[in-house]
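A.B. asks: I'd like to go over a predicted model; first the sequence, then the structure.
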Amino acid sequence: MTGSMQPLIDALNEDLAFEYAAIIQYITFAAMVKGIHRRELHEFFLAEILDEVEHAKYLAEKIVALGGEPVTTPKPFPIVSSPKEMLEAIYEAEKTTVERYTEHARLAEQLGAKDVQVKLEDIIVEEANHRDEVAKILWMYQGD
Ligand SMILES: [Fe+2]
Ligand SMILES: [Fe+2]
């Protein structure tokens, strides 16, 4: 099974590295965010972490179940300083994450891994929700 599932293992490991990056990004930005909206943004960033931890846990478990080895290194991401730049970076990350999971759900379907396909589709709903929430907060910074 490992042989035929290798492309899916690789895809899930890419997702895992991005989930670890998201967790670190939210913790870092929560700590660093300054200004009049610090309280709300601090709470908002910290509130997203639990979903990403759940995604990472699922991916690691499934990678091992498929015969692979989970990565332990997050994808690097740039540090930015203003609240607007943080929200823009997070918006970009969540948006590309939706696109990546959409691609990987299709790959899972092609390989006949129905359970992975369905779970990735569930995760897409949550990531799209993150993306849309960030977009609504970014609305406040229009014209800045
Ligand atoms: Fe996630
Ligand atoms: Fe997310």
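C.D. replies: Thanks, I have the structure now. Ligands and ions are numbered 1, 2, ... in the order given.

A.B. asks: tell me which element the residue in the chain positioned nearest to ligand 2 falls in.
C.D. replies: Ranking the residues of the chain by distance to ligand 2 (CB to the ion) places H130 first, at 3.8 Å. Every C-beta, even on glycine, is put in place using the N, C-alpha and C of the backbone. In this assignment (DSSP states H and E), H130 forms part of helix 114-138.

A.B. asks: quick one: list the elements packing against that helix.
C.D. replies: Counting contacts by 3 or more CB pairs under 8 Å, 6 or more residues apart in numbering; DSSP states H and E, helix 114-138 packs against helix 38-65, helix 83-110.

A.B. asks: and the last one, what does it pack onto?
C.D. replies: With contacts defined as 3+ CB pairs under 8 Å, 6+ apart, helix 83-110 has these neighbours: helix 2-32, helix 38-65, helix 114-138.

A.B. asks: repeat that with 7 Å
C.D. replies: Here helix 83-110 touches helix 2-32, helix 114-138, going by 3 or more CB pairs under 7 Å, 6 or more residues apart in numbering; DSSP states H and E.

A.B. asks: skipping its backbone neighbours, what lies nearest the most centrally placed residue in the chain in space?
C.D. replies: For the chain, E19 is the residue whose C-alpha lies nearest the centre (CA atoms, centre = their mean; 4.4 Å). Excluding the flanking residues, the one nearest E19 by CB to CB, 6 or more residues apart in numbering is A56, at 4.1 Å.

A.B. asks: before we move on, what about E14?
C.D. replies: R100 (7.2 Å).

A.B. asks: for F44, give me its contacts.
C.D. replies: I137 (CB atoms under 7 Å, 6 or more residues apart in numbering).
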